[in-house]
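**Q** Give me coordinates for this.
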Amino acid sequence: MGNPIQFPAIKPSARSFTPGTYPSTDFESLDGTKTHIRFGNRSVNATLSLSFSNISDGDVIVILNNYQDVNSDWDYVTFNKDSAGLQGLSDNHNGLLLEYWMQNGSNEAGLKWRYTGPPTVTSTFNGLSNVSCSFVACLDAPI
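**A** Residues are numbered from 1 along each chain as shown. Sure, this is the predicted structure:
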């Protein structure tokens, strides 16, 4: 099931969050009758994207090492008030967003934040780069 690994405390320039959906399906009979079935009480596939502009090569290495650490053993990423996902938000938004992420992307909820792919690094100037990281909240079945 993996272990939690804290995302580095590097302030993002931009973030994008989508809360996800509930797993469900629609069935339609030949006479047009529709039935909607929902499979569970937790939303899945919430997404989070973080962008970092003109960060130092040292911070780039920290993010790349986090990616390697998380994916080497199928661990998962955690965020808290000091991690990159929340830095730069006002205190009001910080608390509300942290509470939502903890409920919808935490071990207690069964959801785990995992990288959707490797971070993208673009060199901008000597010693500075832009980095993009994307995550998805996965529902792991208990072992």
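**Q** Just give the strands next to the strand or helix carrying Phe52 in its sheet, each with its orientation.
**A** Using DSSP states H and E, Phe52 sits in strand 47-56. Using DSSP bridges, the strands paired with strand 47-56 are strand 14-18 (antiparallel), strand 128-139 (antiparallel).
**Q** Mean neighbour count, those strands: which tops it?
**A** Ranked by mean neighbour count, the strands paired with strand 47-56 are led by strand 128-139 with a mean of 19 (mean count of other CB atoms under 10 Å). In this view, the C-beta of every residue, glycine as well, is placed from N, C-alpha and C.
**Q** Please state the offset of it from the chain centre?
**A** 7 Å (CA atoms, centre = their mean, to the nearest Å).
**Q** Which residue ranges of the protein form strands?
**A** 4-6, 14-18, 24-28, 34-38, 47-56, 76-78, 111-115, 120-125, 128-139 (DSSP state E).
**Q** For the strand holding Phe52, buried residues please.
**A** Under the neighbour-count criterion of 16 or more other CB atoms under 10 Å, strand 47-56 has Leu48, Leu50, Phe52, Ile55 buried.
**Q** Need the pLDDT of Ile61.
**A** Note for Ile61: predicted pLDDT of 97.
**Q** same deal with the one 10 residues further on?
**A** The predicted local distance difference test score for Asn71 is 93.
**Q** same question, Thr18
**A** We have a pLDDT of 82 for Thr18.
**Q** so what's it bridging to?
**A** Thr47.
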